[in-house]
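Novice: take a look and give me a structure for this.
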Amino acid sequence: MKKILLIALITMLSGCATQSYNINGGGSSTPDRETMQPFFVSGIGQTQHMNAAEVCGGAENVARVESHLSFVDGLLGTLTFGIFTPRQAKVYCTQ
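Specialist: Model (predicted):
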């Protein structure tokens, strides 16, 4: 029983998730803006906004936007029992 719980815990803590949206070719490999977006109570009913067109100087210059839940973000969410669940947001420009 302890072995199963340990395996389940390791599996949950090792996961991460990334949502990427390629808009104009994908852009550079380094983001032009990267921010941490805090969410509380597992983000239920919450939204965070970042204007990618403003970051890149126009909508035609936006190459990719990305939202990422890293291992550290998942660990923070687990340690706080979902009270604080941060995510990383990145914007990549064509220039």
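Novice: C-alpha from now on. contacts and neighbour counts both.
Specialist: Noted.
Novice: and the next helix or strand past the lowest-mean-pLDDT helix or strand in the chain?
Specialist: Lowest by mean pLDDT, DSSP states H and E among the helices and strands of the chain is helix 2-14, with a mean of 73. Reading on from helix 2-14 to the C-terminus, the next helix or strand found by DSSP states H and E is strand 17-22.
Novice: distance from that next one to the middle of the chain?
Specialist: Averaged C-alpha coordinates place strand 17-22 at 8 Å from its chain's average position (CA atoms, centre = their mean, to the nearest Å).
Novice: count the neighbours of the residue nearest to Ser42 when sequence neighbours are not counted for me.
Specialist: Of all residues not flanking Ser42 in the chain, Gly82 sits nearest, at 5.0 Å (CA to CA, 6 or more residues apart in numbering). Look at Gly82: counted by other CA atoms under 10 Å, it has 17 neighbours.
Novice: enumerate every residue touching Gly82.
Specialist: Residues in contact with Gly82 (CA atoms under 8 Å, 6 or more residues apart in numbering) are 40-42.
Novice: give me every residue that touches Val62.
Specialist: Counting by CA under 8 Å, 6+ apart, Val62 has contacts 23-24, 27, 52-53, 56, 91-94.
Novice: please identify, among these, the one with the most neighbours.
Specialist: Most surrounded of the contacts of Val62: other CA under 10 Å gives Cys93, at 28 neighbours.
Novice: phi first, then psi, for that one.
Specialist: Here is the backbone geometry of Cys93 (degrees, to the nearest 10): phi -110, psi 160.
Novice: any idea how far Ser28 is from it?
Specialist: Going from Cys93 to Ser28 by CA to CA, to the nearest Å gives 7 Å.
Novice: then Ala59?
Specialist: 16 Å.
Novice: shaky segments in the chain?
Specialist: Counting by pLDDT under 70, the chain contains low-confidence residues at 11-15, 26-27.
Novice: look up the residues forming beta bridges with the residue nearest the centre of it.
Specialist: In the chain, the centroid-proximal residue (CA atoms, centre = their mean) is His68; its distance is 2.2 Å. Counting by DSSP bridges, His68 is bridged to Thr18, Gln88.
Novice: for it, which residues are in contact?
Specialist: 16-19, 87-89.
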